[in-house]
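*Asks:* The sequence isn't on hand, but the structure is:
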């Protein structure tokens, strides 16, 4: 019978880390076959950096068969006051062990954590690269909250004339704004940056039962420390409204030396009262120009978008981004998940 163990990065021995990176790379080969394997050193550094994210409580459980990990639960509870009903929990089982009931002990731990933190809703994620995940989510009674894609831009296919047109037009027609770049969150403006980032609350949430998220300066400091500990280089390009000095919009990228050819672009957002000036196009185009100039090792840019986010998709599609991987965010009430586990137990 498989053995269930909680993973503590501060006390786990070297053999545990070796078993876990083997598990992660096996799963990665299925979920992201174009990406390189992660190194043991990077996996250790990542796990030991979790404690820097102090505004969330994390738990990770592994299911072992002999000396190998065959499944994992990663669960997170944010201490955000606006979403005290939510717990994030993802269960992954290696392909050879699916449809054999190995998810049950992990889901049981997820329910236990949800009850400990008095959470009533589980949010989980699946990828089109592993169709079994979506089928299982439907099987337990989860509902689709929002459907998204990772969209990918091959830099060899970029229309550089379009980039030049967008940046030139923005610079000449919106002279009330100026473009800038930070490599990390700026301490001198961190309160204003946190406020600006809350613009992402205006992005589509479709059927997800979540409230607006509060972004605090301390969260940004924690994310900055977390990235730096892993050697991830963070760029934040912003647009400022010159007459008022207010921050009007931003876009972010994350370059990971473990995966140097694939650059992750995070949020891109424009404050509602400053929309209609082409600032989103300016930010996206200017960031791509900077990547082309200063990161020649990068071959492609990936970014996540809700399928319902028509304005951002229009910009991305014009730039040449194409669908790469489809993803679904699911939600299920904790009580409904408990009922499923109890029904499943009665069939044993």
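*Replies:* Noted; the coordinates are in hand. What you see is a predicted model; the values in this text were computed from it and never measured.
*Asks:* ok, then the element right after the helix of greatest length in the chain?
*Replies:* Longest helix in the chain by number of residues (criterion: DSSP state H): helix 14-31. Downstream of helix 14-31, the first helix or strand assigned by DSSP states H and E is helix 40-48.
*Asks:* For that following helix, buried residues please.
*Replies:* 42-44, 46-47 (16 or more other C-beta atoms under 10 Å). To be clear about C-beta, it is placed using only N, CA and C from the backbone, and glycine gets the same treatment.
*Asks:* still on that earlier bit, any idea of the mean pLDDT in the longest helix of the chain?
*Replies:* For helix 14-31, mean pLDDT is 98.
*Asks:* just the angle between that helix and helix 40-48, please?
*Replies:* 100 degrees (axes from the mean of the first three to the mean of the last three C-alpha atoms, to 10 degrees).
*Asks:* start at 25 instead
*Replies:* Sounds good: first residue 25 from here, last item helix 38-55.
*Asks:* Check which helices and strands helix 38-55 is in contact with.
*Replies:* Judged by 3 or more C-beta pairs under 8 Å, 6 or more residues apart in numbering; DSSP states H and E, helix 38-55 is in contact with helix 64-72, strand 80-89, strand 92-102.
*Asks:* what do you get if the cut-off is 6 Å, keeping everything else the same?
*Replies:* Under the contact definition 3 or more C-beta pairs under 6 Å, 6 or more residues apart in numbering; DSSP states H and E, helix 38-55 sits against helix 64-72, strand 92-102.
*Asks:* What lies in contact with that helix?
*Replies:* 61, 64, 67-68, 93, 116, 118, 151, 153-154 (C-beta atoms under 6 Å, 6 or more residues apart in numbering).
*Asks:* what is the orientation angle of that helix with strand 92-102?
*Replies:* Angle between the axes of helix 38-55 and strand 92-102 is 80 degrees (criterion: the same axes, to 10 degrees).
*Asks:* buried ones in stretch 253-260?
*Replies:* For stretch 253-260, a neighbour-count test (16+ other C-beta under 10 Å) marks 254, 256, 258-260 as buried.
*Asks:* Of the residues you listed, which is the nearest to residue 81?
*Replies:* Nearest to residue 81 among these is residue 254, at 20.3 Å by C-beta to C-beta.
*Asks:* Residue ranges in the stretch 225-372 of the chain under the pLDDT threshold?
*Replies:* 368-372 (pLDDT under 70).
*Asks:* show me where it has strands.
*Replies:* Using DSSP state E, counting those that start in this stretch, the strands of the stretch 225-372 of the chain run over 257-265, 270-279, 286-294, 324-330, 346-357.
*Asks:* which other residues reach the second one?
*Replies:* Translated: strand 270-279. Residues external to strand 270-279 that are found in contact with it (C-beta under 6 Å, 6+ apart): 216, 220, 256-265, 287-292, 294-295, 298, 303, 307, 311.
*Asks:* Mind listing the strands that strand pairs with, and their directions?
*Replies:* strand 257-265 (antiparallel), strand 286-294 (antiparallel) (DSSP bridges).
*Asks:* and of those, who's closest to residue 132?
*Replies:* Proximity to residue 132 (C-beta to C-beta) singles out strand 286-294 among those, at 33.0 Å.
*Asks:* Can you read off the pLDDT for residue 85?
*Replies:* Residue 85 carries a pLDDT value of 98.
*Asks:* Please report how far it lies from residue 91.
*Replies:* 17 Å (C-beta to C-beta, to the nearest Å).
*Asks:* what ranges of the stretch 75-224 of the chain fall below the confidence cut-off?
*Replies:* For the stretch 75-224 of the chain, no range has pLDDT under 70.
*Asks:* all helices of it, in order?
*Replies:* All helices of the stretch 75-224 of the chain, identified by DSSP state H, counting those that start in this stretch, fall at 127-140, 155-164, 184-197, 214-221.
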